[in-house]
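Peer 1: Kindly generate the corresponding structure for this input.
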Amino acid sequence: MNFYERHVLPTLLDLAMRQSQLDDYRRKVAGQAYGRVLEIGVGSGLNFTRYGKQVNAVIGLDPSPRLLSMARKRAKEAGVSAWLVQGTAVTLPFADKVMDSVVMTWTLCSVPDPLAALKEIRRVLKQQGKLLFVEHGLAPHHQVERWQRRLTPLWRCVSGGCHLDRKVDDLIQAAGFELEDLHLQYVQGPRIFTYFYQGCARPTPVG
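Peer 2: Next up, the predicted model:
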């Protein structure tokens, strides 16, 4: 990581992710989690206060030491006991089938290899476990999609690798999940950034 990625970008991400219009999505996604929860891209810990009593352990993963430091502070303020781990979703440091829930909120866009990460998530999830997510991604309208694809190479350079043009539902299914619930919509803001995929998926049964 360079100076910008280590010190400037984490603060910008924390500010951007605190937008009030995102709160309802956090409640819907984190509120469904249960049991042992792995949060991919825990960031500065903004979901901690949204987890319910049905959650008995929270493990947060993030590649940024600065964001993890913010998350430790938020966990303490929220009274949440969280195990925070520096790392990436592409190589999860956990055994097979040990998580009841995996939570992702606006994370998959910046993972270098999203399909590999989702396959790792499937590996650590119990067979009846849930992948709970809200992500931004590729829009269905040609004019918006065209601009998303044009701007992604530049946007990645200033946003920590964020891609505007990933089709989230297709990636999740390609990694071996069945979508149980999926809501697609634009939210307030420039359309290239604000087409949201929110839902729940389970590992596809084997055999």
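
Peer 1: Tell me which other helices or strands the helix or strand of the chain with the lowest mean pLDDT touches.
Peer 2: The weakest-scoring helix or strand in the chain, judged by mean pLDDT, DSSP states H and E, is helix 3 (a mean of 82). On a contact count with 3 or more Cβ pairs under 8 Å, 6 or more residues apart in numbering; DSSP states H and E, helix 3 meets no helix or strand. To be clear about C-beta, it is placed using only N, CA and C from the backbone, and glycine gets the same treatment.

Peer 1: Give me the contact list for the next helix or strand after it.
Peer 2: Toward the C-terminus, helix 3 is succeeded by helix 9-17 as the next helix or strand (DSSP states H and E). Applying Cβ atoms under 8 Å, 6 or more residues apart in numbering, the contact partners of helix 9-17 are Gly43, Ser44, Leu46, Ser64, Arg66, Leu67, Met70, Trp106, Ser159, Gly160.

Peer 1: For this structure, which residues score under the pLDDT cut-off?
Peer 2: For the chain, applying pLDDT under 70 flags the ranges 207.

Peer 1: just to revisit the earlier point, the contacts of helix 9-17 into JSON lines, with extra columns for distance to Glu120 and neighbour count?
Peer 2: Listed next are the contacts of helix 9-17 as JSON lines, based on distance: Cβ to Cβ, whole Å; neighbours: other Cβ atoms under 10 Å:
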{"residue": "Gly43", "distance to Glu120": "19", "neighbour count": "22"}
{"residue": "Ser44", "distance to Glu120": "23", "neighbour count": "24"}
{"residue": "Leu46", "distance to Glu120": "23", "neighbour count": "20"}
{"residue": "Ser64", "distance to Glu120": "19", "neighbour count": "21"}
{"residue": "Arg66", "distance to Glu120": "24", "neighbour count": "19"}
{"residue": "Leu67", "distance to Glu120": "20", "neighbour count": "24"}
{"residue": "Met70", "distance to Glu120": "24", "neighbour count": "20"}
{"residue": "Trp106", "distance to Glu120": "19", "neighbour count": "22"}
{"residue": "Ser159", "distance to Glu120": "23", "neighbour count": "18"}
{"residue": "Gly160", "distance to Glu120": "20", "neighbour count": "17"}
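
Peer 1: Just to be sure, which of those residues are found in helices?
Peer 2: Here DSSP state H is the test, and these give Arg66, Leu67, Met70 as lying in helices.

Peer 1: and which of these is nearest Glu77?
Peer 2: Met70 (10.7 Å; Cβ to Cβ).

Peer 1: Could you measure from the closest one over to Pro93?
Peer 2: Noted for Met70: a distance of 21 Å to Pro93, by Cβ to Cβ, to the nearest Å.

Peer 1: Out of the contacts of helix 9-17, flag the one nearest to Arg27.
Peer 2: Closest to Arg27, out of all of these and judged by Cβ to Cβ, is Leu46, at 11.5 Å.

Peer 1: residues in contact with that closest one?
Peer 2: Listed by Cβ under 8 Å, 6+ apart, the contact partners of Leu46 are Asp14, Met17, Arg18, Arg26, Arg74, Thr105.
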